[in-house]
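Enquirer: Build me a structure from this.
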Amino acid sequence: MRTRPPGKPTKSDLRAQIAWAENELTETLAHANSLREYIIATRKLIGRKAPEYEQQELPGVTVIPRRRTKGAVLAKQVEDILRTAGPLHVRDIVKRLAENGNPVIAKNPINTTSVLLMRRADQFRRVLPNTFDLVKKEGAAADTA
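Expert: Numbers count the residues shown, from 1 in each chain. The predicted structure is shown next:
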């Protein structure tokens, strides 16, 4: 009778270990997918955009990326509008921004724009309720110079 050296596993032992390892791998991958879905759902709840590898394309659904309008960019766009049009009501400013292809992305665009204009007193002045104009116009600056 042949004896096996001590510590050397048999083929059936190795097959059992492989089956156990494959089962562990399957469970770990399922857990990783579950965690990935949790992270994606949580990011959506807090409003953070998921990394590109996590973004899924849904057939027939067009996703328009939302981005907040930055204050400095919005101020420059409003300044350009007021320079050409003169004093305008906030509603008209928001309307013209949208017509120019620069809509204000906010829950309440009128209030967002109004707050921006009031906080930048060095750039904009309030001439009537919710009506704003530029503090210095280029033409007026050229006349005084």
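Enquirer: helix/strand/coil for D133?
Expert: Put simply, D133 is strand when judged by DSSP: H, G, I helix; E, B strand; the rest coil.
Enquirer: Hmm, R125 and it touching each other?
Expert: Yes. In this structure D133 lies within contact range of R125 using Cβ atoms under 8 Å: 5.8 Å. Yep, even glycine has a C-beta here, placed from its N, CA and C like the rest.
Enquirer: Pull up the overlap in contacts between the two.
Expert: Common neighbours of D133 and R125, using Cβ atoms under 8 Å, 6 or more residues apart in numbering, do not exist here.
Enquirer: D13: how many residues sit nearby?
Expert: Counted with other Cβ atoms under 10 Å, the neighbours of D13 add up to 10.
Enquirer: Make 90 the first number, not 1, from now on.
Expert: Okay, residue one is now 90; in that scheme the one you just asked about reads as D102.
Enquirer: Flag every buried residue along the host helix or strand of it.
Expert: Assigned by DSSP states H and E, D102 belongs to helix 100-135. In terms of neighbour count (16 or more other Cβ atoms under 10 Å), helix 100-135 has no buried residues at all.
Enquirer: Off-centre distance for it?
Expert: With Cα atoms, centre = their mean, to the nearest Å as the basis, helix 100-135 stands 31 Å off its chain's centre.
Enquirer: Which SSE is immediately downstream of that helix?
Expert: Next element after helix 100-135 (DSSP H and E): helix 160-174.
Enquirer: list the helices and strands that following helix packs on?
Expert: helix 179-188, helix 198-208, strand 213-217, strand 220-223 (3 or more Cβ pairs under 8 Å, 6 or more residues apart in numbering; DSSP states H and E).
Enquirer: switch the cut-off to 10 Å
Expert: For helix 160-174, the packing partners by 3 or more Cβ pairs under 10 Å, 6 or more residues apart in numbering; DSSP states H and E come out as strand 177-178, helix 179-188, helix 198-208, strand 213-217, strand 220-223.
Enquirer: Could you export that helix as CSV, CA atoms only?
Expert: As requested, the backbone C-alpha atoms of helix 160-174 are provided in CSV (Å, rounded to 0.1, in the frame of the first residue of the first chain):
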residue,chain,number,x,y,z
GLY,A,160,-21.8,83.9,-9.1
ALA,A,161,-18.9,85.6,-10.9
VAL,A,162,-20.0,84.2,-14.3
LEU,A,163,-23.6,85.2,-13.6
ALA,A,164,-22.5,88.7,-12.6
LYS,A,165,-20.5,89.1,-15.9
GLN,A,166,-23.5,87.9,-17.9
VAL,A,167,-25.9,90.3,-16.1
GLU,A,168,-23.4,93.2,-16.6
ASP,A,169,-23.3,92.6,-20.3
ILE,A,170,-27.1,92.6,-20.5
LEU,A,171,-27.4,95.8,-18.4
ARG,A,172,-24.7,97.5,-20.4
THR,A,173,-26.7,97.1,-23.6
ALA,A,174,-30.3,97.4,-22.3
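Enquirer: Cool, thanks, talk later.
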